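Chemist: can you look at this prediction? I've put the sequence above it.
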Amino acid sequence: MREGRGVLVTGAAHGIGRATAARLAAAGARVCAVDRERASPPPGGCALVAELAELGALPDVVRQAEEEVGPLDALV
(Lines give C-alpha, C1' and ligand atoms only; values in the text may rest on other atoms or scores of the structure.)
Protein backbone atom coordinates (compact mmCIF):
# COMPACT_ATOMS: atom_id res chain seq x y z
CA MET A 1 0.00 0.00 0.00
CA ARG A 2 1.43 3.35 -0.98
CA GLU A 3 1.88 6.01 1.66
CA GLY A 4 -1.03 8.40 1.97
CA ARG A 5 -3.68 6.02 0.63
CA GLY A 6 -7.03 5.94 2.42
CA VAL A 7 -8.04 2.50 3.68
CA LEU A 8 -11.16 1.27 5.47
CA VAL A 9 -10.30 -1.85 7.50
CA THR A 10 -13.22 -3.99 8.67
CA GLY A 11 -13.13 -6.30 11.68
CA ALA A 12 -10.49 -4.04 13.19
CA ALA A 13 -11.26 -4.48 16.88
CA HIS A 14 -9.38 -7.77 17.18
CA GLY A 15 -7.03 -10.23 15.53
CA ILE A 16 -6.13 -9.99 11.85
CA GLY A 17 -8.22 -6.85 11.28
CA ARG A 18 -6.53 -5.01 14.13
CA ALA A 19 -3.07 -6.11 12.98
CA THR A 20 -3.85 -5.11 9.39
CA ALA A 21 -4.99 -1.65 10.45
CA ALA A 22 -1.83 -1.15 12.53
CA ARG A 23 0.45 -2.40 9.74
CA LEU A 24 -1.15 -0.16 7.11
CA ALA A 25 -0.97 2.86 9.41
CA ALA A 26 2.71 2.14 10.12
CA ALA A 27 3.28 2.04 6.35
CA GLY A 28 1.80 5.53 6.03
CA ALA A 29 -1.77 4.80 4.98
CA ARG A 30 -4.66 6.89 6.31
CA VAL A 31 -6.61 4.14 8.07
CA CYS A 32 -10.13 4.08 9.40
CA ALA A 33 -10.82 0.99 11.52
CA VAL A 34 -14.41 -0.26 11.66
CA ASP A 35 -15.95 -3.04 13.72
CA ARG A 36 -19.24 -3.87 15.40
CA GLU A 37 -17.32 -3.43 18.66
CA ARG A 38 -15.29 -0.38 19.60
CA ALA A 39 -11.85 -0.51 17.94
CA SER A 40 -8.80 1.54 18.85
CA PRO A 41 -8.01 4.06 16.13
CA PRO A 42 -4.64 3.53 14.46
CA PRO A 43 -2.15 6.43 14.70
CA GLY A 44 -3.45 9.31 12.61
CA GLY A 45 -6.61 7.39 11.75
CA CYS A 46 -10.13 6.93 13.00
CA ALA A 47 -12.32 4.20 14.45
CA LEU A 48 -16.01 3.66 13.76
CA VAL A 49 -18.58 1.29 15.23
CA ALA A 50 -20.92 -0.30 12.68
CA GLU A 51 -22.52 -3.63 11.84
CA LEU A 52 -21.50 -4.15 8.23
CA ALA A 53 -23.55 -7.35 7.97
CA GLU A 54 -26.37 -4.86 7.37
CA LEU A 55 -25.61 -3.77 3.81
CA GLY A 56 -27.44 -0.49 4.28
CA ALA A 57 -24.79 0.56 6.80
CA LEU A 58 -21.94 0.64 4.28
CA PRO A 59 -22.68 3.98 2.57
CA ASP A 60 -22.83 5.78 5.92
CA VAL A 61 -19.59 4.14 7.09
CA VAL A 62 -17.80 5.15 3.89
CA ARG A 63 -19.08 8.73 4.23
CA GLN A 64 -17.98 8.95 7.87
CA ALA A 65 -14.57 7.43 7.11
CA GLU A 66 -13.97 9.86 4.24
CA GLU A 67 -14.89 12.77 6.52
CA GLU A 68 -12.22 11.56 8.97
CA VAL A 69 -9.33 10.41 6.74
CA GLY A 70 -10.17 11.73 3.26
CA PRO A 71 -10.90 9.75 0.09
CA LEU A 72 -10.72 5.97 0.39
CA ASP A 73 -8.61 3.92 -2.00
CA ALA A 74 -9.16 0.46 -0.53
CA LEU A 75 -11.49 -1.65 1.60
CA VAL A 76 -10.04 -4.53 3.61
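Modeler: Yes, it's here. Please read all numbers here as calculations on a predicted model, not as lab measurements. Numbering: from 1, shown residues only.

Chemist: not counting its neighbours along the chain, what's nearest Glu66?
Modeler: Leaving out its chain neighbours, the residue that sits closest to Glu66 by CB to CB, 6 or more residues apart in numbering is Leu72, at 5.9 Å. Every C-beta, even on glycine, is put in place using the N, C-alpha and C of the backbone.

Chemist: test my guess that that neighbour contacts Val62.
Modeler: Yes. Here Leu72 lies in contact with Val62, judged by CB atoms under 8 Å, at a distance of 6.5 Å.

Chemist: anything in contact with each of these two?
Modeler: Listed as contacting both Leu72 and Val62 by CB atoms under 8 Å, 6 or more residues apart in numbering are Leu8.

Chemist: gap between the helix or strand containing Leu8 and the chain center?
Modeler: Element membership of Leu8 [criterion: DSSP states H and E] is strand 6-10. Distance, stretch centre to chain centre, for strand 6-10: 3 Å (CA atoms, centre = their mean, to the nearest Å).

Chemist: who does that strand pair up with?
Modeler: strand 30-35 (parallel), strand 74-75 (parallel) (DSSP bridges).

Chemist: and Gly44, which of those is closest to it?
Modeler: Evaluated over the strands paired with strand 6-10, closeness to Gly44 peaks at strand 30-35, with 6.8 Å, by CB to CB.

Chemist: wait, what's in contact with Thr20?
Modeler: By CB under 8 Å, 6+ apart, the contact list for Thr20 reads 9, 12, 76.
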